[in-house]
Structures are given as structure tokens and as C-alpha cells.
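J.: Build me a model:
(one chain, ligands or ions: 4)
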Amino acid sequence: MAGEKRRFEIGYALLPKKENSFIQESLVNLARSRGVDLVKIDRERPLVDQGPFDCVLHKLYGEEWKSQLKDFRSQNPNAVIVDSPDAIERLHNRISMLQVVSELKIENQSETFGIPKQIVIYDQETLFDNQAWELLKFPVIAKPLVADGSAKSHKMTLVFNRDGLNKLKPPIVLQEFVNHGGVIFKVYVVGDYVQCVKRKSLPDVSEEKLKSLEGSLRFSQVSNLSTHEKNDDQYYKMMHLEDTELPPQSFMTDVAKGLRQAMKLNLFNFDVIRDTRFGNRYLIIDINYFPGYAKMPGYETVLTDFFCDILSMKEREKGLVECSQKKIAGTDARQLLNCEEEGKP
Ligand SMILES: O=P(O)(O)O[C@@H]1[C@@H](OP(=O)(O)O)[C@H](OP(=O)(O)O)[C@H](O)[C@H](OP(=O)(O)O)[C@H]1OP(=O)(O)O
Ligand SMILES: Nc1ncnc2c1ncn2[C@@H]1O[C@H](COP(=O)(O)OP(=O)(O)O)[C@@H](O)[C@H]1O
Ligand SMILES: [Mg+2]
Ligand SMILES: [Mg+2]
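T.: Ligands and ions are numbered 1, 2, ... in the order given. Modelled structure (predicted):
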């Protein structure tokens with residue numbers, strides 16, 4: 001109808017757990033009120049037969065899905081896929097995940113950042129090889145090398161001494177445990193929006209405590225444990241979130257922007273700890289694709305703003321292409337579409 005604003009359709013492909021937490025009525029309604037309809041992609045039918053979507057949001061694993069996206073992209077060159085499966089894949093391995101941090105260059109006088117010392121172990125023999133251990137000192141955290149969203153990929157072991165190595169199952173990453181006051185910072189990134197929140201983490205391990213601790217301790221997703229679970233366990237008691245100061249927002253924003261550019265991703269969060277030995281040294285320990293945004297205050301507005309931004313950018317780009325095609329045809333469409341200021345040919 002004349003004068004009616006164009007509506008957009010975003011298709012989403014998420015596992016059931018993610019769909020339940022992310023696709024809240026409040027988000028769907030807000031997006032709808034701003035002209036964006038969120039539509040579930042039917043996993044039983046080929047993606048190319050659905051839509052047509054202006055944008056696809058997804059968090060699924062595997063080659064079959066990648067090839068569906070490839071077909072979709074070739075048939076719908078104007079649709080936006082958030083994000084590229086190749087870019088996401090880097091986060092499925094805990095070594096490649098953090099490699100990008102070492103490549104970042106951020107000018108900051110007061111704060112520094114990096115990653116904890118770590119090595120990757122592919123087999124049982126190397127686990128007990130003294131040479132491999134030259135770089136690290138106990139305690140260490142053993143993390144599954146693969147970070148594919150499975151429950152197994154979140155199963156961590158805090159290892160206090162050599163005895164604790166016996167139960168580990170390579171391939172694993174051994175990362176030095178860094179005392180950080182029992183609080184981690186989760187930095188949520190949605191396009192150019194950045195929000196940092198505090199979450200409970202593992203408590204510090206003092207030199208004295210280390211001597212008395214036996215072997216190892218297994219844990220999983222500490223920052224997502226309910227209060228009830230934490231109180232039931234000696235180890236998770238006595239953590240005070242309220243007293244912990246957040247890192248400077250401008251610093252975290254710079255790191256987030258750097259990561260976003262380097263990884264070519266729009267939807268992710270990263271876990272940061274503050275090294276208690278230095279106070280102004282921050283270590284990135286984990287990067288997650290499409291994290292639990294519903295836990296982020298104001299997620300509906302943040303995500304809807306992001307949808308609107310990418311869709312309007314897509315429309316502008318499409319306008320520019322049509323524009324330059326019309327110019328070739330001799331029409332003065334550039335002025336009509338107000339393209340002159342864009343600085344693009
Ligand atoms: O389920 P949620 O909301 O706790 O979100 C999980 C994230 O929690 P967070 O937002 O960082 O607190 C979680 O972050 P952590 O790994 O716990 O730091 C992961 O991103 C997890 O995805 P996956 O299992 O690694 O694929 C996320 O799980 P999925 O929702 O993607 O299954
Ligand atoms: N190097 C480290 N030093 C201290 N604590 C850590 C370190 N790495 C991880 N942790 C703790 O273990 C938790 C889980 O580790 P993480 O790498 O974030 O795995 P996951 O992908 O399962 O969230 C973190 O949230 C943090 O509490
Ligand atoms: Mg984590
Ligand atoms: Mg993770």
C-alpha cells in the first residue's frame with residue numbers, strides 16, 4: 001500500500017535451548033513494532049525454500065548447516081547473514097579463539113590486556129612430559145580443546161599438582177589459573193554496542209591453600225550456577241560481587257571493538273578476569289558466539305536497534321548499487337537517492 005513502511009523479515013536458526021531463552025515475547029514484540037518480524041527457520045526444510053529473509057541469525061554447528069547457508073547466500077545475494085560461519089568457527093577451538101587477542105593493538109596508558117599462559121596437549125604422554133610444563137605453574141585449568149557448545153566442552157578441571165593430571169583426557173588446553181578475586185567480567189558485544197557485567201567465578205587459590213589441596217577439582221559453567229548450587233558447595237561460598245569495581249568502560253569498549261574487527265563477528269561475548277597481582281592487567285579467557293543475551297539488561301532494545309541498523313545499512317547499500325546501475329543507464333538517480341554524500345562511486 002502506498003505510504004506504508006517496508007517491513008523486514010529476519011529468519012533465525014537456533015537450538016531449542018537458545019530459542020527458549022533468546023526468542024522472548026518482549027523481543028519479538030519490540031522488533032515487530034519497529035518493522036522487523038522474527039521468523040523461525042524450519043530445520044526440516046531446505047533454507048533456500050524459505051523466506052525470502054532479509055537477514056539470517058544463526059547458532060548451529062556442522063557442515064550441513066554451513067552448506068545450506070552457502071546455497072542461501074548464492075540465491076539471495078542481498079540478504080545479510082549474521083555472522084559468517086567461517087568467522088564463527090574460530091571460536092570452536094580454545095586455541096584459535098584466543099589467538100586473535102595477541103594480534104590486537106590497543107593504545108592505553110593505564111590498562112594492559114592479554115591471555116593467561118597456556119599450552120595445548122593432544123595426547124597422554126605429552127601430559128606428563130616435563131618440557132611441556134616449563135612454561136606453566138600450578139594451579140592450572142584444563143579445558144577441552146573443542147568449544148562446540150556441548151556439555152562436555154564446558155567440563156573444566158582445576159589441577160593443583162601433578163597427581164591431578166591423571167584424570168585428564170586430551171585433547172585439552174592447560175591454562176594457568178590466575179587469581180582474580182572470584183569475579184569475572186562478561187563483556188557482551190552486539191554490533192557496536194558493548195556492555196560489561198559482573199559474574200561469580202572461582203575463588204582465589206593462595207600458595208598455602210595450594211599445598212593442602214589434593215589433585216584436582218572438576219567444575220562446569222561456574223558463572224551460570226544458581227545461588228542455591230553455589231551455597232551448597234563449600235568451594236563457591238564467600239564471593240562478593242558488589243564490592244568489585246567494573247573495568248573502565250572505554251578500555252573494554254576498545255578491546256571489544258578490536259576483537260569485533262579482527263574476528264569479523266557482530267554477536268559475541270568474552271570473559272575477562274583482572275589479575276590480582278597487578279590490578280590493571282586484564283586477561284581474556286573465553287570468547288563465546290551468540291551468548292545468553294537475554295541475561296543482559298535491556299537486551300530487547302539493544303538487539304532490536306542492531307537489527308534495524310543492519311537492515312537499514314543493507315537497504316542503503318542496495319540503494320547504492322541500484323543507483324550506480326541507473327547511472328550507467330544514464331539516469332540521474334544518484335541525486336534522487338541522495339547518494340552523492342556517501343562518498344562512494
Ligand atoms: O545458555 P546461556 O544463556 O547461559 O548462554 C550460554 C553462555 O552464557 P553467558 O551468556 O556467557 O552467561 C555461555 O558462556 P560461557 O561459555 O559460560 O562463558 C556460552 O556462550 C553458551 O554457549 P555454548 O554452550 O558455548 O555454545 C551459552 O549457551 P547457549 O544458550 O548458546 O546454549
Ligand atoms: N585462566 C583462568 N584463571 C582463573 N579462572 C579461570 C581461568 N579460565 C577459566 N576460569 C574460570 O573458569 C570458568 C570457565 O572457563 P571458560 O574458559 O570461561 O569456559 P566456558 O566456555 O565453559 O565458559 C570461567 O568463567 C572462570 O570462572
Ligand atoms: Mg566462559
Ligand atoms: Mg565459553
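J.: pretty sure Val173 contacts Ile119?
T.: Yes. Val173 is within contact range of Ile119, at 7.4 Å (criterion: CB atoms under 8 Å). Just so you know, the C-beta spots here come from the backbone N, C-alpha and C atoms, and that holds for glycine as well.
J.: and Asp54, what does it touch?
T.: 8-10, 78-80, 311, 314 (CB atoms under 8 Å, 6 or more residues apart in numbering).
J.: Val173 and Ile119: who's more crowded?
T.: For Val173 versus Ile119, neighbours defined as other CB atoms under 10 Å are more numerous around Val173 (23 against 17).
J.: touching ligand 1 at all, the strand or helix carrying that one?
T.: Applying DSSP states H and E as the criterion places Val173 in strand 172-176. No. Strand 172-176 stays clear of ligand 1 (CB under 6 Å from any ligand atom), getting no nearer than 13.8 Å.
J.: Can you give the distance of that strand from its chain's centre?
T.: From the chain centre to the centre of strand 172-176 is a distance of 20 Å (CA atoms, centre = their mean, to the nearest Å).
J.: residue ranges with poor pLDDT in the stretch 101-250 of the chain?
T.: Judged against pLDDT under 70, the low-scoring parts of the stretch 101-250 of the chain cover residues 225-239.
J.: which bits of it sit near ligand 2?
T.: Within the stretch 101-250 of the chain, the positions lying close to ligand 2 (CB under 6 Å from any ligand atom) are 116, 141, 143, 147, 154, 156, 175, 177-178, 180, 184, 201-202, 221-223.
J.: again, only this time at 5 Å
T.: 116, 141, 154, 175, 177-178, 184, 201-202, 222-223 (CB under 5 Å from any ligand atom).
J.: Quick check: the farthest pair among these?
T.: Using CB to CB, those span at most 19.2 Å, a distance reached by His154 and Val178.
J.: how about Ile284, secondary structure?
T.: Each residue gets one of three states, and Ile284 gets strand by DSSP: H, G, I helix; E, B strand; the rest coil.
J.: swap that for Pro52, please
T.: coil.
J.: What are the phi and psi values at it?
T.: With angles defined as degrees, to the nearest 10, Pro52 shows backbone torsions of phi -80, psi 130.
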